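Next input, structure requested:
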Amino acid sequence: MLGGGSQVMAQTHTAPDQVNPEKPASAPDIAVISVSIDLGAGRRGVDMGPSAIRIAGLNSLLEDLGYDVQEVGTINAADPETMEPGETRARYLDEITEVCNRSFALVQKSLNDGALPLILGGDHSLSIGTVSAVAAHYAKSEEGIGLIWVDAHTDMNTPETTPSGNVHGMSLAILTGMGGPEHLQQMAGFSPAVHPGNVCVLGARDIDPPEREIVKDSGIRVYTMAEIDERGMAACMDEAITRVTSGTAGFHLSFDLDGLDPMIAPGVGTPVAGGLTYREAHLICEKVARTEKLVSLEVVELNPVLDAENRTGRLAIGLMASALGKTIL
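Next up is the predicted model:
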């Protein structure tokens with residue numbers, strides 16, 4: 001029985017011709033990193049996301065899949081009540097930078113040790129550090145990476161366009177070199193950390209008007225919920241996989257749980273109606289696993305304060321199981 005009970009077991013669906021769950025012999029160990037931060041968000045609570053994921057039974061799930069689990073470390077950001085927000089166009093920037101630097105170091109260590117980093121968040125600003133670390137690691141062998149960004153938002157604001165000053169809404173703009181603090185854009189040692197031609201966003205449905213122009217100019221591929229409704233998740237995901245694996249060493253999956261519809265995932269930092277269904281979300285993760293090109297994975301923006309009996313936490317570990325190879329048969 002997986003940690004989290006029968007509800008987690010029910011969350012791991014796939015096509016009936018898929019073979020079973022065990023970790024391939026060549027698969028790396030899993031390096032778990034917790035990043036407890038909510039400074040980049042607009043409301044408190046997502047800093048408790050890593051704990052909720054663990055309570056839902058993460059380690060048992062990974063061990064049942066046959067993975068060896070390494071606990072690499074936990075990063076705890078300071079509480080916003082204990083500091084000044086600083087520049088209002090990029091709130092708590094100094095502390096977020098520190099957390100990203102520490103996340104960078106732990107992801108680099110994991111990759112150097114030959115493990116697959118599994119990062120538990122925390123708000124989406126942490127991705128500036130994690131994705132930059134993965135990009136820097138593969139740049140040593142002159143390889144780039146792809147990036148699948150599951151999110152209700154495109155996170156392509158800059159300090160000039162942001163309506164809130166929340167850095168979690170700028171992460172993808174920073175990683176693709178479209179704007180933001182220069183020291184964050186250069187965290188990988190170069191910019192962009194990820195070439196926009198190897199980036200896909202899935203599930204977008206809430207984009208700020210000034211942000212739309214940045215998205216259009218960037219060269220990233222955004223699959224809105226309207227397009228997913230019309231074409232189907234399978235077709236969109238197949239295209240996305242082609243894009244993120246074309247000429248790359250592999251890809252990072254950054255799964256913001258607000259990409260899901262709040263009817264099935266109420267405990268998220270910034271809920272937006274009309275999101276991905278339970279099955280669409282699992283199909284994304286199942287297709288990720290089948291590529292055997294996943295080099296790192298993160299799940300972010302789980303807010304236990306807004307959740308009901310850790311429903312979203314249990315769903316999160318079910319999605320991780322699918323992304324890491326769990327199947328029905």
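
how about the helices in the stretch 101-250 of the chain?
Secondary structure of the stretch 101-250 of the chain (DSSP state H, counting those that start in this stretch): helices at 127-139, 171-175, 182-185, 209-218, 225-231, 233-245.

Which secondary structure element of the protein has the lowest mean pLDDT?
Of all helical and strand segments in the chain, the minimum by mean pLDDT, DSSP states H and E falls on helix 6-9, at a mean of 31.

Look up which helix or strand the residue nearest to the spatial centre of the chain falls in, please.
The centre of the chain sits closest to S254, judged by CA atoms, centre = their mean, with a distance of 2.0 Å. Using DSSP states H and E, the element containing S254 is strand 248-256.

What are the contacting residues of that strand?
With contacts defined as CB atoms under 8 Å, 6 or more residues apart in numbering, strand 248-256 is touched by 124, 127, 130-131, 134, 138, 141, 143-153, 198, 244-245, 268, 284-285, 288, 291, 293-301, 319, 323. Just so you know, the C-beta spots here come from the backbone N, C-alpha and C atoms, and that holds for glycine as well.

Restricted to buried residues, select these in ChimeraX.
The following ChimeraX line selects those of those that are buried, judged by 16 or more other CB atoms under 10 Å:
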select :124,127,130,131,134,138,144,145,146,147,148,149,150,151,152,153,198,244,245,268,284,285,288,293,294,295,296,297,298,299,300,301,319,323
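
Now, the contacts of strand 248-256 that are in strands?
Secondary structure from DSSP state E places 144-150, 294-300 of the contacts of strand 248-256 in strands.

which of those sit farthest apart?
The distance between the two most remote of the ones in strands among the contacts of strand 248-256 (CB to CB) is 23.3 Å, for G144 and V299.

Export the helices of the stretch 101-250 of the chain as JSON lines, with columns for distance to G203.
As requested, the helices of the stretch 101-250 of the chain are arranged in JSON lines below (distance: least, CB to CB, whole Å):
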{"stretch": "helix 127-139", "distance to G203": "16"}
{"stretch": "helix 171-175", "distance to G203": "13"}
{"stretch": "helix 182-185", "distance to G203": "24"}
{"stretch": "helix 209-218", "distance to G203": "14"}
{"stretch": "helix 225-231", "distance to G203": "6"}
{"stretch": "helix 233-245", "distance to G203": "9"}
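
And the pLDDT for the nearest residue to T74 once chain neighbours are set aside?
With sequence-adjacent residues excluded and distances taken as CB to CB, 6 or more residues apart in numbering, T74 is closest to S34, at 4.2 Å. Among the per-residue scores, S34 holds a pLDDT of 98.

so the residue nearest to the centre of the chain bridges to which residues?
W149, E298 (DSSP bridges).

ditto for L202
V150, Y223.

now do E71
With DSSP bridges as the rule, E71 is bridged to V32.

okay, now it: neighbour count?
For E71, the count of nearby residues is 11 (other CB atoms under 10 Å).

Could you find the closest non-adjacent residue to E143?
A249 (3.9 Å).

SS state for T97?
Secondary structure state of T97, per DSSP: H, G, I helix; E, B strand; the rest coil, is helix.

Touching the one helix or strand the residue nearest to T74 maps to from outside, list them.
Assigned by DSSP H and E, S34 belongs to strand 30-36. With contacts defined as CB under 8 Å, 6+ apart, strand 30-36 is touched by 47-51, 54, 58-59, 62, 67-77, 99, 103, 106-107, 109-110, 113, 115-122, 126, 130, 324.

repeat for stretch 94-111
Residues from elsewhere that reach stretch 94-111 (CB under 8 Å, 6+ apart): 31, 33, 35, 37, 39-40, 70, 72-73, 75, 77-78, 83, 86, 116-117, 119, 125-126, 128-130, 132-134, 136-137, 167, 181, 183-184, 187, 295-296.

In PDB, list the C-alpha atoms belonging to it.
Provided in PDB are the C-alpha atoms of stretch 94-111 (Å, rounded to 0.1, in the frame of the first residue of the first chain):
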ATOM      1  CA  ASP A  94      17.100  39.800  -1.100                       C
ATOM      2  CA  GLU A  95      15.700  36.900   0.900                       C
ATOM      3  CA  ILE A  96      14.200  35.300  -2.200                       C
ATOM      4  CA  THR A  97      17.700  35.500  -3.800                       C
ATOM      5  CA  GLU A  98      19.200  33.900  -0.800                       C
ATOM      6  CA  VAL A  99      16.700  31.000  -0.900                       C
ATOM      7  CA  CYS A 100      17.300  30.600  -4.600                       C
ATOM      8  CA  ASN A 101      21.100  30.400  -4.100                       C
ATOM      9  CA  ARG A 102      20.700  27.800  -1.400                       C
ATOM     10  CA  SER A 103      18.200  25.800  -3.600                       C
ATOM     11  CA  PHE A 104      20.700  26.100  -6.500                       C
ATOM     12  CA  ALA A 105      23.500  24.500  -4.300                       C
ATOM     13  CA  LEU A 106      21.300  21.600  -3.200                       C
ATOM     14  CA  VAL A 107      20.100  20.800  -6.700                       C
ATOM     15  CA  GLN A 108      23.700  21.000  -8.000                       C
ATOM     16  CA  LYS A 109      24.800  18.600  -5.300                       C
ATOM     17  CA  SER A 110      22.000  16.100  -6.100                       C
ATOM     18  CA  LEU A 111      22.800  16.100  -9.900                       C
END
